[in-house]
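Undergrad: give the three-dimensional model of this entry:
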Amino acid sequence: MKRIVLVLIALIFVLAPYCPAPAASAKGSDEAEIKALEQRIADAANAKDPDAIMKNYLGGEGLFVFDVIPPRQYVGADAFHKNWEGFFGGFDGPITFENSDMIVESDGKMAFVHYMTHVAGKGKDGNPIDVKARVTDVLRKAKGKWLIVHEHVSVPVDLATGKADLASKP
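TA: Predicted structure coming up:
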């Protein structure tokens with residue numbers, strides 16, 4: 001019995017370096033920094049401030065975004081900045097922009113986060129706007145700062161009608 005235990009312990013030490021590492025998950029500080037970045041975006045959206053929003057994204061032409069607002073994609077920070085301006089221009093008065101169900105994964109250099117966002121307000125036509133969307137962001141850490149390099153915003157679609165599900169309940 002003692003010999004079997006010793007053999008098992010020896011096998012553990014021999015095989016341990018060959019076992020796959022557990023999946024990368026956000027370290028405490030990375031998770032906190034990324035959640036703070038996403039909150040800065042929400043706060044800036046509530047203030048209708050596209051300049052403050054864009055401070056959280058990669059500048060230049062390296063940024064790539066799929067959004068629910070046409071066109072299909074935005075390439076570069078300038079194009080996405082204009083998207084935010086147009087988005088805010090569709091509201092009359094204040095808006096609320098809230099995130100929930102946020103999950104962050106990071107290896108210290110790259111990260112992704114996914115969450116639900118809820119946007120509400122009054123449209124220029126006076127009708128209420130109330131949209132729930134899914135967001136996935138890919139981030140890269142450069143010079144000690146996390147920046148979004150890719151974003152994908154979507155809503156489920158009812159395939160029978162071809163209409164978006166803006167209430168998006170699980």
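Undergrad: quick one: end-to-end distance for stretch 70-82.
TA: 12 Å (CA to CA, to the nearest Å).
Undergrad: and the longest helix for this structure?
TA: Ranked by residue count, the top helix of the chain under DSSP state H comes out as helix 28-46.
Undergrad: right, and the helix or strand after it?
TA: As assigned by DSSP states H and E, the chain's next helix or strand after helix 28-46 is helix 50-54.
Undergrad: the following helix or strand past that next one packs against which elements?
TA: Using DSSP H and E, the helix or strand that follows helix 50-54 in sequence is strand 64-66. Here strand 64-66 touches strand 73-75, strand 145-154, going by 3 or more CB pairs under 8 Å, 6 or more residues apart in numbering; DSSP states H and E. For every residue, glycine as well, the C-beta is placed using N, CA and C.
Undergrad: adjacent strands (with direction) for strand 64-66?
TA: strand 73-75 (antiparallel), strand 145-154 (parallel) (DSSP bridges).
Undergrad: now do it, average pLDDT.
TA: For strand 64-66, the mean pLDDT works out to 98.
Undergrad: off-centre distance for it?
TA: How far strand 64-66 lies from its chain's middle: 11 Å, per CA atoms, centre = their mean, to the nearest Å.
Undergrad: quick check: buried residues in it?
TA: For strand 64-66, the neighbour count (16 or more other CB atoms under 10 Å) marks Phe64, Val65 as buried.
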